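J.: I need the structure of the sequence given here:
(one chain, ligands or ions: 1)
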Amino acid sequence: MAELLVLKDLQGWYGGGHALRGVSLKLKEGSMTAVVGRNGAGKTTLLKATMGLLGSSAGSVTLGTQEIQEFSPRVRARLGLSYVPERRGVFPSLTVLENLTVGYRPQPNGWDLEGVFARFPRLRERRDHGGSTLSGGEQQMLAIARALMTNGKILLLDEPTEGLAPKIVSDLGLLFKELLADGFALLIAEQNISFVKSLAQDIFVLGEGKVQWSGPSSIFNQREESIYSWLGI
Ligand code: ATP
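T.: Numbering: from 1, shown residues only. So this is what the prediction gives:
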């Protein structure tokens, strides 16, 4: 499968704080790469740097064959990157319908309102309700549906399962499987390791802004305990 996204020696700073200290990874079409690690490990910073949302970053971000490190988040979005932030980033004062259409970029055979409402019937039912009135699960679905409406092929997902009921988490797992089968590439930051283990092809364990361990999830599964004890988790 083709590599859709390549990060090389990606670094990021908040003021003088060096939060991301050189992360390299590759994301292939139809695959999920999971970034795990404790609070403050640098997972969110990695996703933000990839999307161009950090004030200060260095290294290289390549989308397909194009180097995009100097590009704004807006241009990166137009080229196919879509970011679903932690705590979802739904616009609370906009309705479900407005949330969905605000970033809509039509594509032949791409996602549109009908497709989204067919896949997420609950959003159709709630189309005229304000974003702030939705449950946590509905907000997560709306945030992902809104990302799909931009018709990029790469989703950057920051802790999508956080605070969700087990049934919603398992719905989310099914949705991600469908997206992977459809050729999407998913870069996911998660604390919920059991959720990503069965979905991700590769796992990166981040600590202090650096990759402390990386490998295929099959190897991670075999060595999980020793990886944790080695990392002191
Ligand atoms: P969490 O699971 O808690 O979100 P994380 O792995 O996503 O953790 P980051 O949010 O990327 O971690 O944080 C990495 C480091 O950067 C931490 O030391 C954190 O304190 C610091 N940091 C994060 N956001 C800011 C900010 N806006 N200003 C200053 N420092 C920040």
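J.: drop to CA atoms for contacts and neighbour counts, all remaining ones
T.: Noted.
J.: so how far is Pro108 from the residue nearest the centre of the chain?
T.: Geometric centre of the chain, nearest residue: Leu157, 1.8 Å, by C-alpha atoms, centre = their mean. Distance of Leu157 to Pro108, computed by C-alpha to C-alpha, to the nearest Å: 24 Å.
J.: does any bit of the one helix or strand Val23 maps to sit next to the ligand?
T.: Element membership of Val23, judged by DSSP states H and E, is strand 17-28. Yes: using C-alpha under 6 Å from any ligand atom, we find that strand 17-28 touches the ligand at Ala19.
J.: list the buried residues in that strand.
T.: Ala19, Leu20, Arg21, Gly22, Val23, Ser24, Leu25, Leu27, Lys28 (16 or more other C-alpha atoms under 10 Å).
J.: what's the answer for stretch 87-97, then?
T.: Arg87, Arg88, Val90, Phe91, Leu94, Thr95, Val96, Leu97.
J.: got the CA coordinates for the helix or strand containing Gly173 in CSV?
T.: In this assignment (DSSP H and E), Gly173 forms part of helix 166-181. What follows is helix 166-181 as a C-alpha-only set of coordinates in CSV (Å, rounded to 0.1, in the frame of the first residue of the first chain):
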residue,chain,number,x,y,z
PRO,A,166,-18.4,1.0,25.9
LYS,A,167,-21.2,0.6,23.3
ILE,A,168,-20.2,3.9,21.6
VAL,A,169,-16.5,2.9,21.7
SER,A,170,-17.4,-0.4,20.0
ASP,A,171,-19.4,1.5,17.3
LEU,A,172,-16.4,3.7,16.8
GLY,A,173,-14.2,0.6,16.3
LEU,A,174,-16.6,-0.6,13.5
LEU,A,175,-16.6,2.8,11.9
PHE,A,176,-12.8,2.9,11.8
LYS,A,177,-12.7,-0.6,10.3
GLU,A,178,-15.0,0.6,7.5
LEU,A,179,-12.9,3.6,6.9
LEU,A,180,-9.7,1.5,6.8
ALA,A,181,-11.4,-0.9,4.3
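J.: contacts for that helix?
T.: Glu29, Gly30, Ser31, Met32, Gly137, Thr161, Leu186, Phe195, Leu199 (C-alpha atoms under 8 Å, 6 or more residues apart in numbering).
J.: which of the residues you listed fall within helices?
T.: Gly137, Phe195 (DSSP state H).
J.: the contacts of helix 166-181: which two are farthest apart?
T.: Glu29 and Gly137 (26.7 Å; C-alpha to C-alpha).
J.: need the contact list for the closest residue to Leu231 other than its chain neighbours.
T.: Distances taken as C-alpha to C-alpha, 6 or more residues apart in numbering place Gln212 nearest to Leu231, at 7.6 Å, with adjacent residues excluded. Each residue near Gln212 by C-alpha under 8 Å, 6+ apart is listed here: Phe204, Val205, Leu206, Leu231.
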